[in-house]
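1. I need the structure of the sequence given here:
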Amino acid sequence: MKKVVFLLACISAVFAFFDPDYVSKAENELTLHYIDNKIYYPVHCRSEKVDGEYYILCSSGSAGADRKQGGLFKVVKGSDDSYSIFAINGKGMQHSKGKYEEYRGASLDISKIIDEF
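-> Numbers count the residues shown, from 1 in each chain. Predicted coordinates for the structure are as follows:
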């Protein structure tokens, strides 16, 4: 378990160079949520910027798994260093296990967002 967390921290550090700090923190939070709740093993959470907004897709990291199937989340920057994570699709809501709220903002084109991953 410690090796997995260390590996995830190293991978996140590399990608943190490209994403704002709050997005990297949200990606790490979601990765640990998936690990702690044994949703996917291994889990692969990654972020993309679509139309100026950040999204995170968490999917199975197993060989042969469809990397575009999984929980989709939106990350919204708050004041200072804070952020909020919202579940976007059905898998995201199911995988949230009550920890993350469902996104209730403007209508989103989920297919377009997932195609960016």
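
2. all strands of this protein, in order?
-> 43-50, 53-60, 71-77, 83-87, 101-102 (DSSP state E).

3. Now distance to His95 and mean pLDDT too, for these, in a markdown table please.
-> Bear in mind the C-beta positions are built from the backbone N, C-alpha and C, glycine included. Output for the strands of the chain, formatted as a markdown table (distance: least, CB to CB, whole Å; pLDDT from 0 to 100):
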| stretch | distance to His95 | mean pLDDT |
| --- | --- | --- |
| strand 43-50 | 10 | 95 |
| strand 53-60 | 7 | 95 |
| strand 71-77 | 4 | 96 |
| strand 83-87 | 8 | 97 |
| strand 101-102 | 12 | 94 |
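
4. got the ones you listed as TSV, with mean neighbour count columns?
-> Putting the strands of the chain into TSV (neighbours: other CB atoms under 10 Å) gives the following:
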stretch	mean neighbour count
strand 43-50	19
strand 53-60	21
strand 71-77	22
strand 83-87	19
strand 101-102	12
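
5. With Asp115 as the reference, name the closest of these.
-> strand 43-50 (9.0 Å; CB to CB).
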